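# for reference, the sequence and a predicted model appear below.
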Amino acid sequence: MDCRITHIPVTTHRIMPWKNGGGSTTEIWIDPPYSNVNEAFLWRISLAQIKTSGPFSSFPGFDRTIVQLSGAPMHLYHQRLSQHTLTPFTPYSFQGEWATECSLDGDKAEDFNVMVQREKIRAQVSCHHLSSQYSMDGSALLFIWLWRGFCNLEIGNQNSCLGPGEGLLVEQAQGRKLFMTGDSAKLIVVNLDLLADPGNIGL
């Protein structure tokens, strides 16, 4: 069976307020499609524009991974106990039910967000600086998002090209090798492992 590749252009992104109203989010993808953060969605990919220090929204039962892309250093305080300073373009994971405060050293920042239902899906997030070819093993579900540069993806007899801000959803790619070729590309790969049958995941 051939894998299924869905190209996600910037024009399909949706801008919406945070769940707690404290900022805005650019939603790249949510499953099921056209659900929202107030429903029992399975997983979500988004960009957060942070313009001031303040609390993160609460997402009980979800695991979160964020990657700071730009802006002032971000310091996260969990449960008023532990503290973590984000390293740019490096994944950082925490639980969505933790009471989390963000402190900015400057006036704004942007980060890439992954949220998954803990009991059904596990997300592994990796960041890549791509100046030549990179290969990886396929899986049941992959999400690839390009931050900067340009990237070509080859899997089997299928080819796709990504520009800045665009994404690819790759389904049923297990047992296949993916080849990505980039020119000064910075991309994020989200590998989604299904822990339980979540129904019609993907498209």
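Looks like it arrived, so ask away. Quick caveat, the model's predicted, so the values are computed rather than measured.
# strand partners (parallel or antiparallel) of the helix or strand hosting S46?
Following DSSP states H and E, one finds S46 within strand 43-50. Strand pairing for strand 43-50, determined by DSSP bridges: strand 24-31 (antiparallel), strand 109-117 (antiparallel).
# what sits up against it?
Outside strand 43-50, the residues that touch it by Cβ atoms under 8 Å, 6 or more residues apart in numbering are 18, 23-31, 37, 66, 69, 71, 74, 102, 104, 108-117, 121, 123, 143, 145, 167, 190, 192, 201. Using the backbone N, CA and C atoms, a C-beta is placed for each residue, glycine as well.
# buried ones among these?
For the contacts of strand 43-50, a burial check counting by 16 or more other Cβ atoms under 10 Å picks out 18, 23, 25-31, 37, 66, 69, 71, 74, 102, 104, 109-117, 121, 123, 143, 145, 167, 190, 192, 201.
# so how far is V114 from I45?
I45 sits 6 Å away from V114, going by Cβ to Cβ, to the nearest Å.
# try Q49
For Q49, the distance to V114 equals 17 Å [Cβ to Cβ].
# where along the protein do the helices fall?
Secondary structure of the chain (DSSP state H): no helices located.
# which one's the longest strand in this structure?
strand 177-194 (DSSP state E).
# show me what counts as buried in that one.
Across strand 177-194, burial judged by 16+ other Cβ under 10 Å covers 178, 180-182, 185-192.
# likewise for stretch 58-70?
Neighbour counts using 16+ other Cβ under 10 Å place 59, 62-69 of stretch 58-70 among the buried residues.
# for Q133, state which of those is nearest.
V67 (22.8 Å; Cβ to Cβ).
# what pLDDT does the model give the residue nearest to the closest one when sequence neighbours are not counted?
Spatial nearest neighbour of V67, chain neighbours left out: F112 (4.3 Å); criterion: Cβ to Cβ, 6 or more residues apart in numbering. Per-residue pLDDT puts F112 at 98.
# how much space between F112 and Q124?
14 Å.
# equivalent analysis for Y77, please.
For Y77, the distance to Q124 - Cβ to Cβ - is 25 Å.
# the two: which is more packed in?
Taking neighbours as other Cβ atoms under 10 Å, Y77 and Q124 compare with Y77 leading, 17 against 14.
# surely the more buried one and W98 touch.
No - between Y77 and W98 there is no contact under Cβ atoms under 8 Å: 9.7 Å.
# lowest average confidence, helix or strand, in the protein?
Every helix and strand in the chain was compared by mean pLDDT, DSSP states H and E; the lowest is strand 133-137, with a mean of 83.
# what about that strand, distance to the chain center?
Mean C-alpha position of strand 133-137 versus that of the full chain (Cα atoms, centre = their mean, to the nearest Å) differs by 19 Å.
# same deal with stretch 90-107?
Relative to its parent chain, stretch 90-107 has a centroid offset of 15 Å by Cα atoms, centre = their mean.
# that'll do, ta.
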